[in-house]
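Peer 1: my questions are about this predicted structure, shown below with the sequence.
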Amino acid sequence: MVDPEITGGIAASTLSFLLVKLDAFAIREWKLQENIKKSVQNLGCELRNIQAMLRDADSKEERSHQFTVWIKEVRDQAYAIEDALDLFKLKQESVWRRLKLRHSINDLIQDIERSLQNIQRTKERYRSMASYSTNAGNNTYLHVRVAPLFIGNVDTVGIEEPTNKLVSWALEPKQRLEVMFVVGMAGLGKTTLVHSVYESVKQNFDCHVWITASKSKTKLDILWTFLVEKFGCTITQGADVVALTHKLRKFLHNKRYVIVLDDLWVKDVWESIRTRRGDIANSWRDDDSVDIHMLQPLSPERAEKLFYKKAFSRNGRCPSGLEEVSKSILQKCDGLPLGIIEIGRLLSIKAPTKNEWKMLHDSLESELRVSGGLSNITKVLSASYNDLPFHLKYCFLYMSIFPETSPVKRRRLIRLWIAEGFVIEKGGKTSEEVGEEYLNELIDRSLIKVNEMDFDGRPKSVGVHSLMLKMILSVSREENFCSVCTGAERNLSEKTRRLSIQKEDFDVSQDLPCVRTFFSFGIGKVKIGSNFKLLKVLDIQGTPLEEFPGVIKDLLLLRYLSLRNTNIRSIPGTLGDLHHLETLDLKQTLVTKVPKAVLQLEKLRHLLVYRYNMESALPFDIVQGFKAPKRIGVLKNLQKLSFVKASGQHRMSREHRMIQGLDNLTQLRKLGIVELAKEHGASLCLSIEKMPNLHSLNVTSLNKEEPLELDAMTNPPPLLQRLYLKGPLNRFPQWATSLHDLERIRLKWSSLTENPIAALQNLPNLTELQLLDAYTGTQLDFNSGKFPKLKILDLQQLEQVRSIMMEEGTLPCLQKLIISHCSRLVQVPRGIDKLIHLQMLLLYDMPGTFVTGLRKNGGQFRRLVHHIPCIHSYNQAQLEDLS
């Protein structure tokens, strides 16, 4: 069984989303028949009453089994309302007759209303009995949290280094208040670490105090604890926060003190006093009196040591025969001390046999439930989940859809959240921008982890900790959020709302009328039934599809369609019937043209149709785009459009009008153009000037000989961050030098005769620069004080360059330097020894003299690069480690 507190949180989130949707429905469908309008209004009233009861129950911490049953009834009716609203939308799409319904919309709504009234009456009867129930769940959580304060140092493996660091920080002489936030995922041992530090340093201060803040304590509670319980002050009855704060500051005046606030959840508690949640710490990141220590998971070696210490308490050594299953269990723990300790403790009382240990490994999800042997882990992990606001609970639970071994791309995840309706719009921001804020908050709260970081410091792909995934999988199944099929599942519940297929072959033959979302992560065939009328998300990328599935034409509520990495070659005109479609992802397919019918998709925001042709003999042609209708500009909601072919048999007709029509796409954030003819450059520039929100521009010329004519732009998009130009340039576009926000520039086959460094060096936010066959000169000069933020410099195929000069003070932030196929460069850049932050030097097929000079034991350039931790040289794909 899932923790009732989690269950209540899901129900509250469901109702909150539903009320937003119900209000939007009433506004949009203001011409509703009077009887239906009245029913919708009554539904809203009933839902708000139940929402109030949920919040009341949450504040009183009602967590009984009866409460759980009542919550499930509320959730089921909320889902029924969502079904009714979507069925009404289907009626508007003129397919009502195809649906075999026993009731009209009004009948459905009235049935639901009666059910809600019955549920509310049940709750009222239950409320009179609720006062006798107890909240054992919360007590268990507190027990798990305070345990580290009493168990001594038996489980301090792996925290010696951070302990020493924090002790040194605490004992440094200070002339002002200094603050250290210790943040990280639940279960990492923050309390254990800080308690160790506190015990080591407290005698060096005039006064010291440890307070467990917890979610239930207000500012007044904590101030009262400080003054009365800890410092023995006398307080006037009825004193308010202002009076207590003044009293506390007066008491601490001219004293050296160390104060620990453990389990800090709420910002205003900390602000009034001026831990736990990373987003609170990050809100103070710019204050130079505040430091943040991000506690990391244990290394594999230390994790193994701690695990064996708990599982084999006698000698801390693993018996032969259990090494393999031990490693598999440790992989699931992923360096989390709480998981390692609790699983090790449970295994210590089991027989040390491979069978017993494998049984636990295979049943981790069930053991993490409330009644399982690892429920303490769930209690701690679920506290972070329960603290989420309603709009983030669903976003986080969505991670249960993805396999543990499949990192999720940031952009894909945000687009999916939007398609599901989880992202609540804010004035002045796009849904994508709000979704990114959601993701950042989940990362700051240490619920979602970053698997790969992009060059600009934003996450590229994300995931969740293995044990956290086990927990949310259990919640997802219990709450009918998503059914994950990994094995021999045969009969799914007819109320299934989301399906995640993680097996080779799957045939959905049974009737599943409530499915909203369908994912396939297997490599086998997936047959989609014709009964998914309410489907909004269809993501079957990577499946062995040869043809566009005909059933898609009937999915009239579809908002997100991904057929990425399939072998389909064309899409039918019936795609135009999917009027709600927002994302069409056909990357890495064989589609080279989209039909005119796509122009009917007025809500389309992301049109991604291109592939990387890895078999191309010419790298210049590696990106294969698509032929777009000439009136593509009518899709005014487009945020991303790539890659559009700008060439054809009639250069001055269709293609020219298509490029001119792009000026209507004023909401565009990303634009990719391939096969641009010289004579169309000026028209493209005029269109781009009408795109004030453009963040990324990628333009490729018709071929390696056709110049890119992009000088006609006088008012470039002021927010442009990424610029990719592929093809000959007579000169670097002057307009690009005025772009304050430019972070990445890639120039390929530009063949510039003028040194591009002079034009680029003053860009204040440039983080990555790539020059590939971009310059025909013999020397590159990097002047002192220039490229203030550049972290990555990539120099490839600069065949004429013989020397690179880096003056002292240039490239102060450079971390990664790539030099590839520069056949006449025989010595390292002069001044490379002054690049003190350089972490990585990567060389590809460089001259033998260059590589020899870097080798240890006599290389003439070795002394210039000894400060670089990683130096790798590749010669025809063979690695030589010169570190």
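Peer 2: Nice, thanks for sending it over.
Peer 1: contacts, neighbours, all on C-alpha from now
Peer 2: Noted.
Peer 1: remind me, longest helix of this structure?
Peer 2: Of all the segments of type helix in the chain, defined by DSSP state H, the longest one is helix 65-92.
Peer 1: output the lowest mean pLDDT helix or strand found in the chain.
Peer 2: Using mean pLDDT, DSSP states H and E, helix 136-146 stands out as the lowest-scoring helix or strand of the chain, at a mean of 47.
Peer 1: circling back: which strands and helices sit next to the longest helix of the chain?
Peer 2: With contacts taken as 3 or more CA pairs under 8 Å, 6 or more residues apart in numbering; DSSP states H and E, helix 65-92 sits against helix 4-28, helix 105-130.
Peer 1: mind redoing it with 6 Å?
Peer 2: Using 3 or more CA pairs under 6 Å, 6 or more residues apart in numbering; DSSP states H and E, no helix or strand is in contact with helix 65-92.
Peer 1: in that helix, what counts as buried?
Peer 2: Neighbour counts over helix 65-92 (16 or more other CA atoms under 10 Å) mark 67-68, 70-72, 74-87, 89-90 as buried.
Peer 1: show me the contacts for Gly463.
Peer 2: Shown in contact with Gly463 (CA atoms under 6 Å, 6 or more residues apart in numbering): Pro407, Ile448, Lys449.
Peer 1: point out where the stretch 151-300 of the chain drops to low pLDDT.
Peer 2: Within the stretch 151-300 of the chain, the ranges that satisfy pLDDT under 70 run 151-157, 214-218, 265-288.
Peer 1: just the contacts of Gly463 now: which is nearest Arg314?
Peer 2: Nearest to Arg314 among the contacts of Gly463, counting by CA to CA, is Lys449 at 35.3 Å.
Peer 1: number of nearby residues for the closest one?
Peer 2: Number of residues near Lys449 (other CA atoms under 10 Å) recorded here: 17.
Peer 1: cool, Ile792 as well?
Peer 2: 22.
Peer 1: quick one: residues contacting it.
Peer 2: Residues near Ile792 by CA under 6 Å, 6+ apart: Glu768, Lys816.
Peer 1: buried sites along the next helix or strand after the least confident helix or strand of the chain?
Peer 2: Downstream of helix 136-146, the first helix or strand assigned by DSSP states H and E is helix 160-171. Neighbour counts over helix 160-171 (16+ other CA under 10 Å) mark Pro162, Thr163, Leu166, Val167, Ala170 as buried.
Peer 1: now stretch 386-393
Peer 2: Buried residues in stretch 386-393 (16+ other CA under 10 Å): Asn386, Asp387, Leu388, Phe390, His391, Leu392, Lys393.
Peer 1: repeat that for stretch 168-188.
Peer 2: Ala170, Val179, Met180, Phe181, Val182, Val183, Gly184, Met185, Ala186, Gly187, Leu188.
Peer 1: can I get those residues in JSON lines with distance to Lys327 and secondary structure?
Peer 2: As requested, the buried residues of stretch 168-188 are arranged in JSON lines below (distance: CA to CA, whole Å; DSSP: H, G, I helix; E, B strand; the rest coil):
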{"residue": "Ala170", "distance to Lys327": "37", "secondary structure": "helix"}
{"residue": "Val179", "distance to Lys327": "39", "secondary structure": "strand"}
{"residue": "Met180", "distance to Lys327": "35", "secondary structure": "strand"}
{"residue": "Phe181", "distance to Lys327": "33", "secondary structure": "strand"}
{"residue": "Val182", "distance to Lys327": "29", "secondary structure": "strand"}
{"residue": "Val183", "distance to Lys327": "27", "secondary structure": "strand"}
{"residue": "Gly184", "distance to Lys327": "24", "secondary structure": "coil"}
{"residue": "Met185", "distance to Lys327": "22", "secondary structure": "coil"}
{"residue": "Ala186", "distance to Lys327": "22", "secondary structure": "coil"}
{"residue": "Gly187", "distance to Lys327": "20", "secondary structure": "coil"}
{"residue": "Leu188", "distance to Lys327": "19", "secondary structure": "coil"}
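Peer 1: before we move on, back to that, tabulate the buried residues of helix 160-171 (CSV), appending distance to Lys219.
Peer 2: CSV is the format used below for the buried residues of helix 160-171 (distance: CA to CA, whole Å):
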residue, distance to Lys219
Pro162, 30
Thr163, 29
Leu166, 27
Val167, 28
Ala170, 25
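Peer 1: so the nearest residue to Phe181 once chain neighbours are set aside is in which element?
Peer 2: Distances taken as CA to CA, 6 or more residues apart in numbering put Ile292 closest to Phe181, at 4.7 Å, once the chain neighbours are dropped. Counting by DSSP H and E, the element that carries Ile292 is strand 290-294.
Peer 1: mind giving me the packing neighbours of that strand?
Peer 2: Using 3+ CA pairs under 6 Å, 6+ apart, strand 290-294 is in contact with strand 179-183.
Peer 1: how much space between Gln289 and Leu177?
Peer 2: You called it Gln, but residue 289 is Ser. 7 Å (CA to CA, to the nearest Å).
Peer 1: now swap in Leu697 and tell me
Peer 2: Noted for Leu697: a distance of 47 Å to Leu177, by CA to CA.
Peer 1: hmm, back to that, from the buried residues of helix 160-171, which is closest to Thr192?
Peer 2: Distances from Thr192 to the buried residues of helix 160-171, taken by CA to CA, are shortest for Thr163, at 9.8 Å.
Peer 1: spatially nearest residue to the closest one (excluding sequence neighbours)?
Peer 2: Thr163 sits nearest to Val197 (CA to CA, 6+ apart), 5.9 Å away.
Peer 1: roughly how far out does the helix or strand encompassing that neighbour sit from the chain middle?
Peer 2: Per DSSP H and E, Val197 falls inside helix 190-201. Centroid separation between helix 190-201 and its chain, computed with CA atoms, centre = their mean, to the nearest Å, is 32 Å.
Peer 1: okay, buried residues for stretch 474-487 please.
Peer 2: Ser474, Val475, Ser476, Glu479, Asn480, Phe481, Cys482, Ser483, Val484, Cys485.
Peer 1: hang on, isn't the last one packed against Ile501?
Peer 2: Looking back up the chat, that one is Cys485. Yes. Here Cys485 reaches Ile501: they are 5.0 Å apart, a contact under CA atoms under 6 Å.
Peer 1: okay, and the common contacts of these two?
Peer 2: Contacts common to Cys485 and Ile501, judged by CA under 6 Å, 6+ apart, are absent.
Peer 1: regarding Leu261, what is its secondary structure?
Peer 2: Here Leu261 is recorded as strand under DSSP: H, G, I helix; E, B strand; the rest coil.
Peer 1: please name the spatially closest residue to it (chain neighbours excluded).
Peer 2: That would be Ile211: by CA to CA, 6+ apart, it lies 5.1 Å from Leu261.
Peer 1: any idea how many residues pack against Arg564?
Peer 2: 23.
Peer 1: quick one, grab the pLDDT at it.
Peer 2: pLDDT recorded at Arg564 is 94.
Peer 1: please, which helix or strand holds Gln541?
Peer 2: Judged by DSSP H and E, Gln541 forms part of no helix or strand.
Peer 1: tell me how many other residues crowd the residue nearest to Leu261.
Peer 2: With other CA under 10 Å as criterion, Ile211 counts 15.
Peer 1: before we move on, the earlier item: which of the contacts of Gly463 sits closest to Pro549?
Peer 2: Pro407 (26.5 Å).
Peer 1: other residues contacting stretch 813-820?
Peer 2: By CA under 6 Å, 6+ apart, stretch 813-820 touches 789-796, 837-844.
Peer 1: which among those residues count as buried?
Peer 2: 789-796, 838-844.
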